[in-house]
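Student: Below are the sequence and a predicted model for it; my questions follow.
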Amino acid sequence: MTDLWSYALTLLGVAGTALVGRKVWWAQHFLLITQIPWTVFALVTGQFGFLLGVVLNSAIYVTSAREWQQQRPQRAPVPTTAP
């Protein structure tokens, strides 16, 4: 079972890194969500040291998501016409 966890968590991390490399705006959000299985893994296996990684990575992803959001070009408002 631990091998399955290792492969799954690795694939999630690699996918997230690929999204960041492509500058996909929601990549940081994806990586933040991947911290949920890391938390479960740490709790189920009793490897509580991983929880520190979850906290630190989550802080990085939240900060990066905010920065990316501020740098992202804003959409022009859709013009509305009166009926």
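Tutor: Arrived safely, thanks for sending.
Student: can you pull the buried residues of the host helix or strand of Phe50?
Tutor: Assigned by DSSP states H and E, Phe50 belongs to helix 49-71. Using 16 or more other CB atoms under 10 Å as the test for burial, helix 49-71 gives 50, 54, 57-58, 61, 64-65, 68. For the C-beta atoms, the positions are set from N, CA and C on the backbone; glycine is no exception.
Student: so how far is Thr63 from Pro37?
Tutor: Separation of Pro37 from Thr63 (CB to CB, to the nearest Å): 21 Å.
Student: Residue nearest the middle of the protein, spatially speaking?
Tutor: Nearest residue to the geometric centre of the chain (CA atoms, centre = their mean): Leu31, 1.5 Å.
Student: what sits against it?
Tutor: 13, 16, 19-20, 57, 61 (CB atoms under 8 Å, 6 or more residues apart in numbering).
Student: let's see it at 7 Å
Tutor: Counting by CB atoms under 7 Å, 6 or more residues apart in numbering, Leu31 makes contact with 16, 61.
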